[in-house]
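[1] Pasting the sequence and the predicted model now:
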Amino acid sequence: MRYELHRDPVTFEQLHVEWNGLLERAITRVPFLRAEYQQAWWTARGGGEWPDAELRLVTARDPAGALLGVAPLFEAHNRDGRPALLLIGSIEISDYLDFIVAREHVEAFCLGLLECLAAPDAAGWEVLDLYNLPGPSPTRAALARAAGARGWLAGEQLLEPVPAISLPADWETYLATMVEKKERQEIRRKIRRAEASEPKVTWRMVPAGPGLAVPNLEVEIDAFLTLMAHNPGKAKFLTPAMQTQFRAIAAAMASHGWLRLAWLEVGGEPAAAYLNFDYGNRLWVYNSAFDPRFNALSPGWVLLGYLLRWSIENGRAAFDFLRGGEDYKFRFGAVAGQIYRMQVSRVLPPEALGGEPACMMNEFEADFFPPAEDGP
């Protein structure tokens with residue numbers, strides 16, 4: 001493979017078609033790895049999470065020039081204060097990340113990538129610090145073997161759960177087989193109560209589809225961010241840079257028909273909303289917002305029930321809650337997947353002199369990993 005290190009953001013535009021074509025065959029096929037999403041993330045560096053980030057995107061091509069792999073990286077000081085290379089999308093607002101490479105090329109790509117990153121023009125970093133790698137991704141084992149071949153340290157730690165529901169063919173089957181009896185009764189009761197209440201409770205999905213512009217997208221996103229700010233924690237999170245980031249991501253997703261913004265309204269007033277991505281026959285629940293004035297109607301549960309029923313009726317295969325182990329996700333029948341933080345270090349940090357630092361291992365056991373499966 002022929003590797004090239006890219007530092008200019010124009011690379012996103014130049015690689016757009018090839019990048020997305022490769023993603024369709026890649027080990028991890030998620031909306032967070034689309035060229036549009038990655039470019040949108042880069043415009044605000046994760047909503048200001050990485051203000052000093054510098055692009056270090058690596059591509060690999062075969063002798064004929066076909067794109068075989070993309071390592072979408074940037075350089076910055078990581079949370080441990082070390083000069084690091086991280087995946088574009090890290091850390092807070094992109095729930096699954098990975099290299100973009102087909103399964104048959106993972107081993108060769110990882111070997112060549114580390115050789116590329118060891119070259120003088122990539123100097124400066126100490127640790128390759130990869131967050132949010134899916135548990136089934138073969139990148140984990142392949143990169144560990146590539147690091148071992150160079151005598152570098154490799155290790156990982158388990159991060160948050162990523163609960164998801166594999167959806168059956170119809171709503172009643174879902175309720176009967178995937179939800180505990182108590183929760184099944186609770187879901188039905190809350191939906192019935194909302195539908196019988198006055199003022200009237202209604203729900204709607206912002207129209208979207210391939211080639212269909214979202215009417216008043218800016219107005220809809222502004223309303224969603226306003227509703228998010230009712231939560232004090234989310235209000236603090238929604239800095240001006242983060243709001244800019246949300247708008248850029250929403251616009252990127254909407255431009256391809258992947259944005260699904262769902263609203264529950266009480267008497268015409270917004271009571272709850274979920275911002276979702278509808279991608280790869282899977283609904284990805286990206287963020288939520290609620291008005292506490294309507295808590296007595298359980299608007300979050302009710303809208304979630306409507307979204308699940310919509311997903312089933314429209315033939316979606318899965319409903320992904322993304323990161324976080326909140327109890328309600330499992331009460332709706334979700335099963336927890338896993339994501340990891342993986343580090344490859346070519347320079348020992350000071351603490352290693354007195355013992356191994358957290359998340360690192362001197363010997364990396366390849367059989368630590370479960371059998372590789374298709375990613376999300």
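    Yep, it's here. Numbers count the residues shown, from 1 in each chain.

[2] what is the rounded mean pLDDT of the helix or strand hosting Gln39?
    Taking DSSP states H and E as the criterion, Gln39 maps to helix 35-48. Helix 35-48 shows a mean pLDDT of 96.

[3] all strands for the stretch 101-250 of the chain, in order.
    Assigned by DSSP state E, counting those that start in this stretch, the stretch 101-250 of the chain shows strands spanning 127-134, 153-166, 201-205.

[4] now those as JSON lines including mean pLDDT and mean neighbour count?
    All C-beta atoms are positioned from the backbone trio N, CA, C, and that covers glycine. Formatted as JSON lines, the strands of the stretch 101-250 of the chain follow (pLDDT from 0 to 100; neighbours: other CB atoms under 10 Å):
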{"stretch": "strand 127-134", "mean pLDDT": "98", "mean neighbour count": "24"}
{"stretch": "strand 153-166", "mean pLDDT": "97", "mean neighbour count": "19"}
{"stretch": "strand 201-205", "mean pLDDT": "95", "mean neighbour count": "16"}
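
[5] closest one to Asn281 among those strands?
    Closest to Asn281 of the strands of the stretch 101-250 of the chain is strand 153-166 (CB to CB; 11.5 Å).

[6] next one: the closest one to chain centre, how far?
    Here strand 153-166 is found 12 Å from its chain centre; the criterion is CA atoms, centre = their mean, to the nearest Å.

[7] what's it packed up against?
    Under the contact criterion of 3 or more CB pairs under 8 Å, 6 or more residues apart in numbering; DSSP states H and E, strand 153-166 touches strand 127-134, helix 139-150, strand 318-320, strand 335-345.

[8] This protein - how does it break down into domains?
    The chain breaks down by automatic domain parsing into domains covering 2-160+339-368, 168-316.

[9] Which of the ones you listed has the lowest mean pLDDT?
    When I compare these, domain 2-160+339-368 is least confident, with a mean of 90.

[10] Show me how far that domain is from its chain's centre.
    The answer for domain 2-160+339-368 is 15 Å, by CA atoms, centre = their mean.

[11] Turn the strands of the stretch 101-250 of the chain into a markdown table, columns for distance to Arg145.
    Shown next, in a markdown table, are those (distance: least, CB to CB, whole Å):
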| stretch | distance to Arg145 |
| --- | --- |
| strand 127-134 | 14 |
| strand 153-166 | 9 |
| strand 201-205 | 45 |
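
[12] Of all those strands, which one comes closest to Arg282?
    Of all the strands of the stretch 101-250 of the chain, strand 153-166 sits nearest to Arg282, with 8.1 Å by CB to CB.

[13] Does anything pack onto the host helix or strand of Gly300? Which helices or strands?
    Element membership of Gly300 [criterion: DSSP H and E] is helix 299-313. In terms of contacts (3+ CB pairs under 8 Å, 6+ apart), helix 299-313 is packed against helix 171-178, helix 181-196, strand 201-205, strand 259-266, strand 269-279, strand 282-290, strand 318-320, helix 327-331.

[14] try 7 Å this time
    In terms of contacts (3 or more CB pairs under 7 Å, 6 or more residues apart in numbering; DSSP states H and E), helix 299-313 is packed against helix 171-178, helix 181-196, strand 259-266, strand 269-279, strand 282-290.

[15] ok, back up a step: which one, of the domains of the chain, ends up nearest to Leu322?
    Within the domains of the chain, the stretch nearest Leu322 is domain 2-160+339-368; the backing value is 4.1 Å (CB to CB).

[16] Test my guess that Leu167 contacts Ala318.
    Yes - here Leu167 reaches Ala318: they are 6.0 Å apart, a contact under CB atoms under 7 Å.

[17] more neighbours, those two?
    Taking other CB atoms under 10 Å, Leu167 and Ala318 do not tie; Leu167 has more neighbours (24 against 15).

[18] Tell me which residues touch the more buried one, please.
    Leu167 sits next to Tyr174, Ser311, Ile312, Arg316, Ala317, Ala318, Phe319 when contact means CB atoms under 7 Å, 6 or more residues apart in numbering.
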